[in-house]
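Q: Need coordinates for the following:
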Amino acid sequence: MKCATTEWYNCPICSSEAAALTPISQPGERGRSSSSLSCLQCRTAFPILDGIPRFVPLTNYAGSFGYQWNLHRRAQLDSHTGLTISSRRLFNVTGWSEDLRGQHVLEAGSGAGRFTEILLKTGATVFSFDYSSAVDANRLNNGAADNLCLFQADIFRIPLRPRSFDKVLCLGVLQHTPDPGRAFTSLARCVKPGGELVVDVYAQRLTALVSWKYLLRPITKRMDQRLLHAIVEKTVDLSLSLAGWLRHHAGAIGARLLPIVEYSHLGLSPGLNREWAILDTFDMYSPAHDHPQSGSTVRQWFLEAGMDQITVVDGPNGIIGKGRLPLAEERSSLKQCAASSA
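A: Modelled structure (predicted):
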């Protein structure tokens, strides 16, 4: 893993072009080796802990995600499961080539790095970040790769030069931010002319709103993370076999009858099915924010960001949105056509 050279960074506090690397002689917190990125304009210093620049406080609203991904850091890696679940989801959702050599890809909300692992294999230079301490799990999983630039940052204040990335990806994240629309706008600023942005977000449907998740979250999201995880683990152990039986005999409807999720249909081993069930059930009930969106809202996000070639479709995790930022000459041509027709 490498840290990005300083010309890629913008200060998230003052938006100055960045942040010169300044070595610090003292050891960091908890005995970690430490240096920093320091903004030459506002003089704010951002620590680098375990090789990861940290642009946010270590404790924040995404703490439940940091907890779950450090606890289950290898669970969803294709290299761990021996399956291609993450790879198929990534390429089916994006439509991207498996060879992205020479391109720069930004991944927002990496978690433990299940998609980071796949992106690195494309040969792209991958900039990946998470708001939570899940970046530490990603470092342990993928940190040996020379084409990975990993950092911890706020999606609303991405500390990178605008209009710099060939591809920007955000899967399973936007609904868990306080303002999904504003988070999308921040991501769109990172796309270079001719580049692509792909996101997914939970779908705003009546059937989802009456699910166990939304019935119980007002209580569970306020619980201590360790207590909630222990309750989830016990519940999964008591009901996983029944959940699998219901899915087998009643399909998707049967799978929703119990307050857990299970993935026997994906070909996971019994042990991995149990771990995925614990992980994703905890993931349902623990986040501070869960804001599903409609397809029309997602389409409007892309339009307001000035993108074209927009597609918005239903996907395995809700709504998938894709768009491309036109090249400067294409935007100029479109403006001329609009002026002529007026």
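Q: Give the buried residues for stretch 72-83.
A: Neighbour counts over stretch 72-83 (16 or more other C-beta atoms under 10 Å) mark His72, Arg73, Ala75, Gln76, Leu77, Asp78, His80, Thr81, Leu83 as buried. The C-beta positions use only the backbone N, C-alpha and C, and glycine is treated the same way.
Q: State the helix or strand in which the third one lies.
A: Take DSSP states H and E as the rule and Ala75 turns out to sit in neither a helix nor a strand.
Q: residues contacting it?
A: For Ala75, the contact set (C-beta atoms under 8 Å, 6 or more residues apart in numbering) comprises Thr81, Ala112, Leu272, Glu275, Trp276, Leu279.
Q: now the helices for the stretch 101-250 of the chain?
A: Using DSSP state H, counting those that start in this stretch, the helices of the stretch 101-250 of the chain run over residues 114-121, 134-142, 180-188, 206-209, 212-220, 225-255.
Q: okay, the ones you listed in CSV with distance to Gln293 and mean neighbour count next?
A: Below are the helices of the stretch 101-250 of the chain laid out as CSV (distance: least, C-beta to C-beta, whole Å; neighbours: other C-beta atoms under 10 Å):
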stretch, distance to Gln293, mean neighbour count
helix 114-121, 20, 24
helix 134-142, 23, 23
helix 180-188, 6, 20
helix 206-209, 11, 10
helix 212-220, 14, 14
helix 225-255, 21, 15
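Q: And the ones you listed: which comes nearest Asp308?
A: When the helices of the stretch 101-250 of the chain are compared by C-beta to C-beta, helix 180-188 sits nearest Asp308, at 12.6 Å.
Q: what pLDDT, on average, does the closest one get?
A: Helix 180-188 comes out with an average pLDDT of 98.
Q: for it, packing partners?
A: Judged by 3 or more C-beta pairs under 8 Å, 6 or more residues apart in numbering; DSSP states H and E, helix 180-188 is in contact with strand 165-170, strand 191-201, helix 295-304.
Q: As TSV, the helices of the stretch 101-250 of the chain with distance to Gly318 would be great.
A: Shown next, in TSV, are these (distance: least, C-beta to C-beta, whole Å):
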stretch	distance to Gly318
helix 114-121	16
helix 134-142	20
helix 180-188	11
helix 206-209	9
helix 212-220	13
helix 225-255	14
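Q: closest one to Asp166 among those helices?
A: helix 114-121 (11.9 Å).
Q: Which positions in the helix or strand hosting Glu275 come out as buried?
A: Here Glu275, judged by DSSP H and E, is contained in helix 270-285. Across helix 270-285, burial judged by 16+ other C-beta under 10 Å covers 272-285.
Q: Check those and tell me the two furthest apart.
A: Applying C-beta to C-beta across the buried residues of helix 270-285, the maximum distance is between Leu272 and Tyr285, 20.6 Å.
Q: low-scoring stretches of the stretch 51-200 of the chain, by residue?
A: Along the stretch 51-200 of the chain, segments meeting pLDDT under 70 are nowhere present.
Q: elements contacting the helix holding Glu275?
A: Using 3+ C-beta pairs under 8 Å, 6+ apart: helix 270-285 touches helix 63-71, helix 212-220, helix 225-255.
Q: okay, now Ser294: neighbour count?
A: When neighbours are counted by other C-beta atoms under 10 Å, Ser294 registers 14.
Q: Then the one 3 residues further on?
A: Thr297 is flanked by 17 other residues according to other C-beta under 10 Å.
Q: and if you look at the one 3 residues further on?
A: Around Gln300 sit 16 other residues, with neighbours defined as other C-beta under 10 Å.
Q: per-residue confidence at it?
A: Here, the pLDDT recorded for Gln300 equals 98.
Q: gap between it and Leu150?
A: To Leu150, Gln300 is 32 Å away according to C-beta to C-beta, to the nearest Å.
Q: And for Ile310?
A: Ile310 is 30 Å from Leu150, where distance means C-beta to C-beta.
Q: More neighbours: those two, which one.
A: Legend: neighbour count by other C-beta under 10 Å for Ile310 and Leu150, higher for Leu150 (28 against 17).
Q: Leaving aside the residues adjacent along the chain, what's closest to Lys167?
A: Of all residues beyond its chain neighbours, the one nearest Lys167 is Val105 (4.6 Å), with distances taken as C-beta to C-beta, 6 or more residues apart in numbering.
Q: List the residues that contact that neighbour.
A: Contacts of Val105 by C-beta under 8 Å, 6+ apart are Leu119, Thr122, Ala124, Thr125, Val126, Phe127, Phe165, Asp166, Lys167, Val168, Leu169.
Q: my guess is the fourth one contacts Leu100, does it?
A: In this case it means Thr125. No: counting by C-beta atoms under 8 Å, Thr125 does not reach Leu100; the two are 9.0 Å apart.
Q: Neighbour count for these two, which is higher?
A: Thr125 (22 against 19).
Q: Kindly state the beta-bridge partners for that one.
A: His104 (DSSP bridges).
Q: centre of the chain versus the host helix or strand of Ser87, how much separation?
A: Per DSSP H and E, Ser87 falls inside helix 85-94. The chain centroid and the centroid of helix 85-94 are separated by 14 Å under C-alpha atoms, centre = their mean, to the nearest Å.
Q: Could you list every helix and strand in contact with it?
A: If you count contacts as 3+ C-beta pairs under 8 Å, 6+ apart, helix 85-94 packs onto helix 78-81, helix 114-121, strand 165-170, strand 191-201.
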